[in-house]
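Chemist: Need the 3D shape of this:
(one chain, ligands or ions: 1)
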Amino acid sequence: MDDDAVFYQELPKVELHAHLNGSVSFQTIEKLISRKPHLNIEHSMTAIGKGQRRTLDECFEVFKVIHKLVDTEEDILMVATDVIREFAADGVKYLELRSTPREEKDTGLTKRSYVETVIKAIQQCKEEGVDIDVRFLVAIDRRNGTEVAMETVKLAEDFMLSSDGLVVGLDLSGDPTVGHGKYLIPALQKAKNSGLKLSLHLSEVPSQLEESDLLLNLPPDRIGHGTFLHPEVGGSQSVVDKVLKNNIPLELCLTSNVKGQTVPSYSKHHFKYWYQLGHPSVICTDDKGVFCTDLSQEYHLAASTFSLSHKATWKLSHQAIDCIFAPEAVKEQLRQKWNDLESRVLK
Ligand code: 5GP
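Modeler: Numbers count the residues shown, from 1 in each chain. As a prediction, this is how the structure comes out:
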């Protein structure tokens, strides 16, 4: 590893946008394939390698393949513990994982046992002493409509009360070209009223401006991607103003957007627009397994593309602490951790 790569690896980091099944590494996929050889799944079907690009539709097909491999409590436990350990090994000190609870009739998996298993994985890693604080966001897949969204909110509310602070919020994700967010507003509002934090994927594709405008009235606590919010790419100033007025942080995933072809190149990524405004912009991975990346690499790419010094990059990772969903006391602990590491890492 060259000196620069060492810096990004040692940089303490906060990961706020990581979909569990998109984060499964090559090694874990190998283990899953050997558990289920009859599925005839090859590794090329679960990841998008260096230099490769896919349409957004094709990316969503990849998740369907991974879901076939991860369909028991045992699989989920292995996947979640592996993912947490990998983030920790990459220097991530605080992680918010998100995942869509799934029911699998054939294996007896229920949405409730799905969430319980992720929580068990988080607790197991804690007991093992893995150096990372992990929280969970229950995800709503927009494809599944109003009723399922409401059920998911109820499930998240139950776990918010019973998980000892591990379930902190709700994510809205899934294929952005399917369904309309306006039908999900009652469920999202209910979640917000009960104290769940909201991270919503907004304007990942150009046609969603009206939906984003509506959902911003909630307002959400963070925005996933927000690729087409700003006027330079067909968004609008009034939508940008809503984001600025409410100071809603953006979760930005460079490689995911380049490989999924929603942005044309790293240098044209909307990180530049929001960062130049001084708006809270958090570098994240999205799906480190599918897009073959890790958070150190994403920080490295952002720094080299936008000419950020080590000091500016440190500040970026430090500011991400302000955007986490865990309570103020956790933010304080993390700030202390950053302080303790600063003189060694930021030489
Ligand atoms: P899971 O929720 O099964 O742990 O993770 C995979 C799921 O996350 C996908 O099926 C999809 O609903 C969601 N997801 C992962 N990456 C993206 C993304 O870039 N955009 C959107 N809208 N959803 C995503």
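Chemist: Flag the shaky bits of the chain, pLDDT-wise.
Modeler: Applying pLDDT under 70 to the chain flags no residue at all.
Chemist: Quick check: C284 touching T293?
Modeler: No - in this structure C284 lies outside contact range of T293 using C-beta atoms under 8 Å: 10.3 Å. (C-beta placed from N, C-alpha, C; glycine too.)
Chemist: Please point out which parts of stretch 76-87 sit buried.
Modeler: The neighbour-count check on stretch 76-87 (16 or more other C-beta atoms under 10 Å) flags I76, M78, V79, A80, T81, D82, V83, I84, R85, E86, F87 as buried.
Chemist: correction: stretch 144-163
Modeler: Buried residues in stretch 144-163, counted by 16+ other C-beta under 10 Å: N144, V148, A149, M150, T152, V153, L155, A156, E157, F159, M160, S163.
Chemist: which residues are in contact with that stretch?
Modeler: Applying C-beta atoms under 8 Å, 6 or more residues apart in numbering, the contact partners of stretch 144-163 are 101, 111-112, 115, 119, 136, 138-142, 166-170, 174, 179, 183-184, 186-188, 190-191, 194-196.
Chemist: still on that earlier bit, any chance of the buried residues of stretch 144-163 in JSON lines with distance to the ligand as columns?
Modeler: Compiled in JSON lines, these are given as follows (distance: C-beta to the nearest ligand atom, whole Å):
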{"residue": "N144", "distance to the ligand": "10"}
{"residue": "V148", "distance to the ligand": "12"}
{"residue": "A149", "distance to the ligand": "13"}
{"residue": "M150", "distance to the ligand": "18"}
{"residue": "T152", "distance to the ligand": "11"}
{"residue": "V153", "distance to the ligand": "16"}
{"residue": "L155", "distance to the ligand": "14"}
{"residue": "A156", "distance to the ligand": "13"}
{"residue": "E157", "distance to the ligand": "19"}
{"residue": "F159", "distance to the ligand": "15"}
{"residue": "M160", "distance to the ligand": "18"}
{"residue": "S163", "distance to the ligand": "17"}
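Chemist: hang on, the earlier thing: could you turn the buried ones of the contacts of stretch 144-163 into a PyMOL selection?
Modeler: This is the PyMOL syntax for the buried subset of the contacts of stretch 144-163, where burial follows 16+ other C-beta under 10 Å:
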select buried, resi 101+111+115+119+136+138+139+140+141+142+166+167+168+169+170+174+179+184+187+188+190+191+196
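Chemist: Kindly identify which of the contacts of stretch 144-163 also come near the ligand.
Modeler: Among the contacts of stretch 144-163, proximity to the ligand is found for A139, D141, G174 (C-beta under 6 Å from any ligand atom).
Chemist: any idea how far L20 is from A80?
Modeler: Note on A80: its distance to L20, by C-beta to C-beta, to the nearest Å, is 6 Å.
Chemist: same thing with L11?
Modeler: 24 Å.
Chemist: quick one, strands of the protein?
Modeler: Counting by DSSP state E, the chain has strands at residues 13-19, 92-99, 133-141, 167-173, 197-202, 222-225, 250-252, 281-283.
Chemist: and the stretch 151-300 of the chain, which of its residues are near the ligand?
Modeler: With C-beta under 6 Å from any ligand atom as the criterion, the stretch 151-300 of the chain meets the ligand at residues S173, G174, P176, H201, E204, S256, D286, D287.
Chemist: Quick one: the helices in the stretch 201-347 of the chain, in order.
Modeler: Applying DSSP state H, counting those that start in this stretch to the stretch 201-347 of the chain gives helices spanning 209-215, 237-245, 254-259, 271-276, 295-305, 310-319, 328-345.
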